[in-house]
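In: Here is the input, now give the coordinates:
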Amino acid sequence: MQTSARNQFAGEVIQVTPGAVNDEVTLRTADGLEIVAIITHGSAATLGLAAGKRAFALVKASSIIVMVDVSKNQVSARNCIAGTVSSVTKGAVNSEVTISAGSAQIAAIVTNESAERLGLAAGKAATAIFKASSVIVGVE
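Out: Numbering: from 1, shown residues only. Sure, this is the predicted structure:
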């Protein structure tokens, strides 16, 4: 599978919490990273999502918020992945920031102003944050 989404997480569904309209799906990668997605109940049914099913999660780099000096209990987003900045590639307006969290690499696009204000540089601790509604779930 090839997609334009920079952030691709393959793993296994560990929980599906059904709702009338939306379901909450939790996917765990091989290295233990958990990704929470909110998708329509109809989509979860069509994909056959259930505990134990192999699936993948996609998140666009532009949907990732980067924060420093923050913990999970300080934000409302379900997905908060703490790690270390491995690279910052500066462009004319935006920078691509890559955060390493174990074997996972999370790419984010932030403005150059934000990258400078946050002091983002290789080796600095940072957290990648994204809402569960920003996650696309798929199956092979």
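In: so I65 bridges to which residues?
Out: Legend: beta-bridge partners of I65 under DSSP bridges are I129.
In: if I look at it, how far off is S134?
Out: Going from I65 to S134 by CB to CB, to the nearest Å gives 10 Å. (C-beta placed from N, C-alpha, C; glycine too.)
In: Give me the more crowded residue out of those two.
Out: Using other CB atoms under 10 Å as the criterion, I65 and S134 rank with S134 on top: 21 against 18.
In: For that one, which residues are in contact?
Out: 59-60, 63 (CB atoms under 8 Å, 6 or more residues apart in numbering).
In: Tell me the confidence at it?
Out: In this model, S134 is scored at 98, pLDDT.
In: Residue ranges of each domain in this protein, please.
Out: 7-59+132-138, 61-130 (automatic domain parsing).
In: Adding distance to M1, write those domains out as CSV.
Out: Formatted as CSV, the domains of the chain follow (distance: least, CB to CB, whole Å):
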stretch, distance to M1
domain 7-59+132-138, 7
domain 61-130, 17
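In: could you measure the residue nearest to K124 when sequence neighbours are not counted against V59, distance?
Out: In this structure, K124 finds its nearest non-sequential neighbour in V85, 4.8 Å apart by CB to CB, 6 or more residues apart in numbering. Going from V85 to V59 by CB to CB gives 18 Å.
In: quick one, strands of this protein?
Out: 7-17, 22-29, 34-40, 54-59, 65-67, 79-90, 94-101, 104-111, 125-130, 136-138 (DSSP state E).
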